[in-house]
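*Asks:* fold the following and give me the result.
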Amino acid sequence: MAPTSDLKKQSQLKEVAGIPLQSTTVDNWSQIQNFEAKPDDLLICTYPKAGTTWIQEIVDMIEQDADVEKCQRAIIQHRHPFIEWARPPQPSDGIELANAMPAPRILRTHLPTQLLPPSFWENNCKFLYVARNAKDCMVSYYHFQRMNQVLPDPGTWEEYFETFIDGKVGWGSWFDHVKGWWQKKDRHQVLFLFYEDIKKDPKHEIQKVAQFMGKNLDETVLDKIVQETSFEKMKENPMTNRSTVPKSILDQSISPFMRKGTVGDWKNHFTLAQNEKFDEIYREKMKGVTINFCMEL
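*Replies:* Below is the predicted model:
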């Protein structure tokens, strides 16, 4: 058995249309692309480390009318199949899980718009996108890659800063990902949310998601969802905190899966020079895009 550090070295990313993805995903690419979406599917879409688990738990709570026991029926990864997740020896775990699920299904992906299986667009599915400011996303992704044994080693913070800016991370460039989904929002059924808004006013944003899902929730149910999906609650919940994942895949002794869940932690990582450089690159890459991100609360 190769020591963990060796596994880390082997966890190289492969590319599809210039987008780096996990090699197991690329090896199962045709199966993923041929996935048959259904018109009543709801697809949760996020760039990595933008609040995926959080929005999943919110959506599940809405779906189950805040029945905590029902939301404990399975670990979060199994409640909403991750369509591009494939791990040998099973072919396409995410696809198989999704195909076995009764409708209406709630699925999730980190794929950028151009790599999404075409059937999602053809069936006019609903998409729920959560965007998080790039600086916090970078910090969170850095710590995640440090503890995730199936993603490449991030190297030093200085090295990772460049890697992230260049889009040489799993699922590609943050800039392209966010822009791609932002451009789809007026032509498709996309509810575009911001991580920072959910932090600021969870009740208001949860209400928006419920409406989008066609659910009418009363105040008490909404309040309960706010309470149950707080960072503190989810960090302690074995169904959401990934504590059931073997250490050989996620080593939480290096960094917890649910680390801080705050807005503005980038200020503890970015040097002044890095911040200036990043702002300059951001202006250039996001030119003409009308998104305003909140950088601190």
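
*Asks:* in the stretch 101-250 of the chain, which spans are strands?
*Replies:* 106-109, 126-131, 189-194 (DSSP state E, counting those that start in this stretch).

*Asks:* output the contacting helices and strands for the last one.
*Replies:* Contacts defined by 3 or more Cβ pairs under 8 Å, 6 or more residues apart in numbering; DSSP states H and E place strand 189-194 against strand 126-131, helix 174-184, helix 202-212. The C-beta positions use only the backbone N, C-alpha and C, and glycine is treated the same way.

*Asks:* now for residue 75: which residues touch it?
*Replies:* 238-240, 244 (Cβ atoms under 8 Å, 6 or more residues apart in numbering).

*Asks:* what's the answer for residue 79, then?
*Replies:* Residues near residue 79 by Cβ under 8 Å, 6+ apart: 56, 60, 71, 73, 106.

*Asks:* could you measure from the third one over to residue 42?
*Replies:* According to Cβ to Cβ, to the nearest Å, residue 71 and residue 42 sit 16 Å apart.

*Asks:* ok, the first one next?
*Replies:* Taking Cβ to Cβ as the measure, residue 56 falls 11 Å from residue 42.

*Asks:* can you list residues touching both of the two?
*Replies:* Contact with both residue 56 and residue 42 is made by residues residue 106, according to Cβ under 8 Å, 6+ apart.

*Asks:* related to what we said a few turns ago, need the winner for burial among the helices and strands packed on strand 189-194.
*Replies:* Comparing the helices and strands packed on strand 189-194 by mean neighbour count (mean count of other Cβ atoms under 10 Å), strand 126-131 comes out on top with a mean of 23.

*Asks:* against which helices or strands is it packed?
*Replies:* Counting contacts by 3+ Cβ pairs under 8 Å, 6+ apart, strand 126-131 packs against strand 42-46, helix 52-63, helix 174-184, strand 189-194, helix 195-200, helix 202-212.
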